[in-house]
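Visitor: Following is a predicted model, sequence given first.
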Number of protein chains: 2
Amino acid sequence: MFEPTIKDIARLCGVGVSTVSRAINNHPDINPETKEKILRTIEEYGYVPNNSARNLKRSDAKAIAVLVKGMSNLFFANMIEIIEGECKKKHYSMELSYIEADEDEVDMAQRLVKEKRLRGIIFLGGMFAHSEEKLKKLSVPFVFSTAGAIPENISKSLYSNIGVDDRRESRRMVDYLIGLGHRRIAIIVAEAEEGQSIGRLRLEGYYDALRESGIEVNPGLVCHVSQKMIPFSMESGYLAAKKLLAGGEEFTALYAVADTLAIGAERALYEAGLSVPDDVSVSGYDGIELANYITPSLTTVRQPIEKMARETARLLFDIISGKRQHQHIVYEAELLERESAKAVDLRK
Amino acid sequence: MFEPTIKDIARLCGVGVSTVSRAINNHPDINPETKEKILRTIEEYGYVPNNSARNLKRSDAKAIAVLVKGMSNLFFANMIEIIEGECKKKHYSMELSYIEADEDEVDMAQRLVKEKRLRGIIFLGGMFAHSEEKLKKLSVPFVFSTAGAIPENISKSLYSNIGVDDRRESRRMVDYLIGLGHRRIAIIVAEAEEGQSIGRLRLEGYYDALRESGIEVNPGLVCHVSQKMIPFSMESGYLAAKKLLAGGEEFTALYAVADTLAIGAERALYEAGLSVPDDVSVSGYDGIELANYITPSLTTVRQPIEKMARETARLLFDIISGKRQHQHIVYEAELLERESAKAVDLRK
DNA sequence: AACAAATCTGGTAACGTTTCCGAAAACGTT
DNA sequence: AACGTTTTCGGAAACGTTACCAGATTTGTT
């Protein structure tokens, strides 16, 4: 199928190609009348500039990549949609790629940048174990969001990071549970094999809270999701809770480091004949919309997901355009007290 | 930052650029030794071919677009991830775009195709009201998935469509409810303003079932989600159920045309002091993973989402490569009998 | 040994843009 | 009226790749 090119438009209008180019790109050096005529012709013939040619000539593309580590969940899906919206506003296109567990996200980013001449990268999900050397090789700015802690020995000026303080917020939740009188608090956690993954940080927060309150950690109450499972899925939470229950350790509260895990765990509790919150208080983390609709509604920590996503995109664009430098933004999360957790029943 | 080009590699290896090109593209006319040397050099210098230049020369890109109508929900998010995986296998890149309610998806597709020289389009979500004329203008193959009914006057050979028979499957669910003894069955439905949207089809299935069973439709039991709301959100379901409850019509079963709507509705029921399934049976549609984890687990109709997504991508690739023609595939859905619906209590 | 055929290679013209450079035309200024 | 300035424009060279063509080399056949 034939597609008109800039030359066709030039010929049709009786002008040179450079003039048409000026019309398209809003260059100042052009007579408004000529411009208008050209634009009309373009409209009429349905001409659309060839992106590849533009990118080739400009030697970079108006595009960024969003690299997602970990399976799709509602949390990421929401972020992606918001980021896509911001891209559209800036007339950028967005390359989306889900990174498998065994793939190296930085290598992947590198390849994409070279191949597509992208202008920036957004990493969603747990990124943490990369050398400074490697990060430096990425020749475009990149922004982490909802990532685990990045090693201290990597210079802060090399990257941006946007999220909440997972350790602190996690601790806040456990403090809340303790405040409710709970002492035997189980935790369901999904961690990466190494590094300060997001799950690991939340677990640290749990330890912090217990330590400060002088409660000894009972290893039988710390339940790790199997490495083979999808970390933050409902199924993982379900299976983990089953395992916990089978372990026989008693607990009055169960904290899962993600809402989806908590929902899965509640199912296991239900099947075991335990009632939430009467027999066990349950709390989650993330604050997905769903947490407010299930019954009992889920006590959780809400991350300001929309704000985070929007700022992630905006910051990246600002860095690309030189308006801002790399930043490390920590948002406050919000503890949502709902029905699934209540004060411990002293008669027990 | 300097990036090596094919010329650099050629110079480094002491060969011509066309030879390097042959090495990269697995052309047969090349000495295996030369090829190996070139590939080594490429590896060593981290050369990656410039995609824009390739696309420009080839006059099309190894890329498709996925256009999503309607806000992100888990259903689409899952599909997108699967489609992305298929693209990766074929070394295609995927352009993702969420279409706003007031945007024309076909126009958008057209622009993208011209601009990026894409080879195909996948439409996710409710597409239905387009003229044949307009669809013809899309010069690349396109596949609809989880779409509403496309008008009969559009030639079937112009597009592919993959999904389930929403009307039939919806009817199946209502038949099931009737079989359980329910006669006063309320429905929560979200429809587009016009055309045979997916919500509309499911509503028709509801009418079909009632008609066949000789149950008169009670308009007071048909509750439409407000046009201003996100069609298939939990909030919409919640609000719709509130409205229904306020209407005062009695019902023993409530069928929501999406699981998310059902979950929202259950919350409203709970707040009204009604218990599921003892006071009201509830059922949904879609079969998202979540439906199995909430309590009571949700009776629903499961669409074979993974199969649908995978086939959508594969079919598109096959059409692009000429291996297959446009097809219209209808999968069977599966009725999942779970806890949220039970036989009507005859004592009432 | 001579020739044909098969294999391999390098040069070069595109692909459709943008951008630089210089020219032409229109305008002010004296 | 002659000059400098500003505005507007067209030509042409890139950007990095692929594909064609023609040549060079090797292999096979008689």
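Guide: Perfect, thanks for sending it.
Visitor: Not counting its neighbours along the chain, what's nearest A:D259?
Guide: Counting by CB to CB, 6 or more residues apart in numbering or on different chains, A:G284 is the residue found nearest to A:D259 once chain neighbours are left out, at 3.8 Å. Any C-beta I mention is one placed from the backbone N, CA and C, and that applies to glycine too.
Visitor: Report the mean confidence score over stretch A:107-123.
Guide: Averaged across stretch A:107-123, pLDDT comes to 91.
Visitor: what's the first-to-last distance across it?
Guide: 12 Å (CA to CA, to the nearest Å).
Visitor: OK, contacts around the residue nearest to A:D259?
Guide: A:255-263, A:291, A:298-301 (CB atoms under 8 Å, 6 or more residues apart in numbering or on different chains).
Visitor: my read: A:K136 touches A:S157, true?
Guide: No - applying CB atoms under 8 Å as the test, A:K136 and A:S157 come out as separate, 10.9 Å apart.
Visitor: what stretches of chain A score poorly on pLDDT?
Guide: Within chain A, the segments meeting pLDDT under 70 span A:1, A:70-72, A:126-130, A:346-348.
Visitor: Show me it divided up by domain.
Guide: Chain A breaks down into these domains under automatic domain parsing: A:6-49, A:58-164+A:305-332, A:166-302.
Visitor: So for B:L274, which of these sits nearest?
Guide: domain A:166-302 (11.3 Å; CB to CB).
Visitor: Now do that closest one: distance to the chain's middle.
Guide: Domain A:166-302 sits 20 Å away from the centroid of its parent chain (CA atoms, centre = their mean, to the nearest Å).
Visitor: Buried residues in stretch A:39-48, which are they?
Guide: A:41-42, A:47-48 (16 or more other CB atoms under 10 Å in any protein chain shown).
Visitor: and what of stretch A:150-165?
Guide: Across stretch A:150-165, burial judged by 16+ other CB under 10 Å covers A:150, A:154, A:159-165.
Visitor: Now look at it and say if it contacts chain B.
Guide: No - applying CB under 8 Å from any CB of the partner chain, one finds stretch A:150-165 separated from chain B by no less than 14.5 Å.
Visitor: cool, stretch A:14-33 as well?
Guide: No - Stretch A:14-33 is not in contact with chain B by CB under 8 Å from any CB; minimum separation 12.0 Å.
Visitor: Convert the C-alpha atoms of that stretch to CSV, please.
Guide: The C-alpha coordinates for stretch A:14-33 follow below in CSV (Å, rounded to 0.1, in the frame of the first residue of the first chain):
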residue,chain,number,x,y,z
GLY,A,14,5.3,23.2,-5.1
VAL,A,15,7.8,23.8,-2.4
GLY,A,16,11.0,22.1,-1.2
VAL,A,17,11.1,19.3,1.2
SER,A,18,12.9,21.3,3.8
THR,A,19,10.0,23.7,3.8
VAL,A,20,7.5,20.9,4.5
SER,A,21,9.8,19.7,7.2
ARG,A,22,9.7,23.2,8.8
ALA,A,23,5.9,23.2,8.6
ILE,A,24,5.7,19.9,10.4
ASN,A,25,8.1,20.7,13.1
ASN,A,26,6.9,24.2,13.9
HIS,A,27,10.1,25.9,12.8
PRO,A,28,10.0,29.6,13.0
ASP,A,29,11.6,30.3,9.6
ILE,A,30,8.5,29.8,7.6
ASN,A,31,5.8,32.0,6.1
PRO,A,32,2.5,31.4,7.9
GLU,A,33,0.6,31.1,4.6
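Visitor: List the contacts of it.
Guide: A:6-7, A:9-10, A:13, A:34-35, A:38-39, A:42, A:49.
Visitor: coming back round to it: okay, the buried residues of stretch A:150-165 in CSV with distance to B:V140 and secondary structure next?
Guide: Below are the buried residues of stretch A:150-165 laid out as CSV (distance: CB to CB, whole Å; DSSP: H, G, I helix; E, B strand; the rest coil):
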residue, distance to B:V140, secondary structure
A:I150, 42, coil
A:I154, 43, coil
A:Y159, 38, coil
A:S160, 37, strand
A:N161, 39, strand
A:I162, 37, strand
A:G163, 39, strand
A:V164, 43, strand
A:D165, 47, coil
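Visitor: Save those as TSV, and put in distance to A:A343 too.
Guide: Below are the buried residues of stretch A:150-165 laid out as TSV (distance: CB to CB, whole Å):
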residue	distance to A:A343
A:I150	38
A:I154	43
A:Y159	43
A:S160	41
A:N161	37
A:I162	35
A:G163	31
A:V164	26
A:D165	27
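Visitor: Kindly indicate which of those residues lies nearest chain B.
Guide: A:Y159 (16.4 Å; CB to the nearest CB).
Visitor: who touches that closest one in this structure?
Guide: By CB under 8 Å, 6+ apart, the neighbours of A:Y159 are A:135, A:141-144, A:150, A:326.
Visitor: Kindly report the same for A:T252.
Guide: Neighbours of A:T252 in contact, by CB under 8 Å, 6+ apart: A:182-185, A:280-281, A:344, A:348.
Visitor: Taking those residues, please make a PyMOL selection of just the buried ones.
Guide: Command for PyMOL, covering only those of those found buried under the criterion 16+ other CB under 10 Å:
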select buried, chain A and resi 182+184+185+280+281+344
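Visitor: What is the nearest of the contacts of A:T252 to A:E81?
Guide: A:S281 (32.7 Å).
Visitor: what bridges to the closest one?
Guide: Beta-bridge pairing of A:S281, defined through DSSP bridges, involves A:A253.
Visitor: wait, isn't it in contact with A:F251?
Guide: No - counting by CB under 8 Å, A:S281 does not reach A:F251; the two are 9.3 Å apart.
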